[in-house]
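Asks: no sequence for this one, just the structure:
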């Protein structure tokens, strides 16, 4: 009796194994399809022209960025659904090295656009900038969002579209940590 | 626990996993068989035969590890794989291994040659490592344990894949919205 039950359990487990394998294959197929369709994190490089090599403060961004060794300035707009999705993706606080410039849209009186209030709650060191009248983006000649501008050693080096939260996470500057101190 | 019993718990899951994955989808292994020069009409039956032999050997390793046919079968299968590796190397073609079914990126060649002594060592442990035929109930519990273990590992892989697929889905949606707007 016990032997029969054990064999039955084994056969069931093997069926589950086969079923799991089929599901795994299906996930792989779907990923391939998404990849072929070109809707899987397909960022586009942006030619930043004269902006390259300039200090961020030239365009009205905080002077603190001029001394940043590595940072990412992400331009979001209230008219862009992906921007909202990205903004909603920040869990508790803004990731290290990320600065946000939010286009306030038609609200030229400086009132907060969409979910900026929630973003500001997560912003402990003034890294969320409201671009009233689209002034900063306008000076830089930027008409697309969401776009990330990379800053290295205080100057703009390149820019890319940010099609998803996952892609944003992958391009964020990684914090540099000291190795463990030796015992003195 | 004797070294022979340990060999049971290493050889049986590997054979069972490989065989079941091949049974679930015979096309990749059939393509491998074709790549090795078998006639197209025979590739599918040969693929099914290989898968069946692997599963049968896995069962035999658990229930009759002491039997000479079990040990000889393991060695014969390993030799067959090594010959396939030699053919792949000598032909200069890059032939997909399909050893563990779909998704693997392995190629036939050196790995099969390197695995040959390991398989022979495993068969040797079954023969000389004190692997006696366990009582039916014990063997059945071994088999159930091995089956649950490989199903569990496959389950973990599935959960990881599911998490990744969810990220893909969200990312694709965000990208789609962005493209439609542009």
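Replies: Ah, there it is. What you see is a predicted model; the values in this text were computed from it and never measured.
Asks: CA only for contacts and neighbour counts going forward, please
Replies: Will do.
Asks: give me the number of residues near the closest residue in space to residue B:78 that isn't next to it in sequence?
Replies: Leaving aside its chain neighbours, residue B:78 sits nearest to residue B:116 (5.5 Å; criterion: Cα to Cα, 6 or more residues apart in numbering or on different chains). Counted with other Cα atoms under 10 Å in any protein chain shown, residues neighbouring residue B:116 total 20.
Asks: what is the mean pLDDT for the helix or strand hosting residue B:116?
Replies: Residue B:116 belongs to helix B:110-128 when assigned by DSSP states H and E. In this model, helix B:110-128 has an average pLDDT of 91.
Asks: do stretch A:94-110 as well
Replies: Rounded mean pLDDT across stretch A:94-110 is 74.
Asks: and what of stretch B:21-39?
Replies: Stretch B:21-39 shows a mean pLDDT of 89 in the predicted model.
Asks: Check what contacts that stretch and list those residues.
Replies: Stretch B:21-39 has contacts (Cα atoms under 8 Å, 6 or more residues apart in numbering or on different chains) with A:18, A:21-22, B:40, B:43-44, B:46-48, B:51-52, B:84, B:87-88, B:95-102.
Asks: rerun that using 6 Å as the cut-off
Replies: B:40, B:43, B:44, B:47, B:51, B:98, B:100, B:101 (Cα atoms under 6 Å, 6 or more residues apart in numbering or on different chains).
Asks: next structured bit after the helix holding residue B:116?
Replies: helix B:136-181.
Asks: Which residue is the nearest non-sequential neighbour of residue 168?
Replies: Because you didn't say which chain, this covers chain A. Per Cα to Cα, 6+ apart, closest to residue A:168 is residue A:162, 6.0 Å.
Asks: That was the other one, I meant chain B.
Replies: residue A:40 (6.7 Å).
Asks: what's the burial count for that neighbour?
Replies: 25.
Asks: So it belongs to a helix, correct?
Replies: No. Judged by DSSP: H, G, I helix; E, B strand; the rest coil, residue A:40 forms no part of a helix; its state is coil.
Asks: So whichever strand or helix holds residue A:12, near chain B or not?
Replies: Residue A:12 belongs to helix A:2-37 when assigned by DSSP H and E. Yes. Using Cα under 6 Å from any Cα of the partner chain, helix A:2-37 reaches chain B at A:3, A:6, A:7, A:10, A:13, A:14, A:17, A:24.
Asks: Count the neighbours of the second one for me.
Replies: A total of 20 residues lie near residue A:6 under the criterion other Cα under 10 Å.
Asks: Tell me who's in contact with it.
Replies: Contacts of residue A:6 (Cα under 6 Å, 6+ apart): B:140, B:141, B:144.
Asks: Residue B:147 and chain A: what is the separation?
Replies: Counting by Cα to the nearest Cα, to the nearest Å, the gap from residue B:147 to chain A is 5 Å.
Asks: so that residue makes contact with residue A:12?
Replies: No. Using Cα atoms under 6 Å, residue B:147 is not in contact with residue A:12, being 8.6 Å away.
Asks: Just confirm yes or no for the helix or strand containing residue A:156 near chain B.
Replies: In the assignment (DSSP H and E), residue A:156 maps to strand A:155-161. No. Counting by Cα under 6 Å from any Cα, chain B has no neighbours in strand A:155-161; the shortest distance is 9.8 Å.
Asks: Could you list every helix and strand that that strand packs against?
Replies: strand A:45-46, strand A:147-152 (3 or more Cα pairs under 6 Å, 6 or more residues apart in numbering or on different chains; DSSP states H and E).
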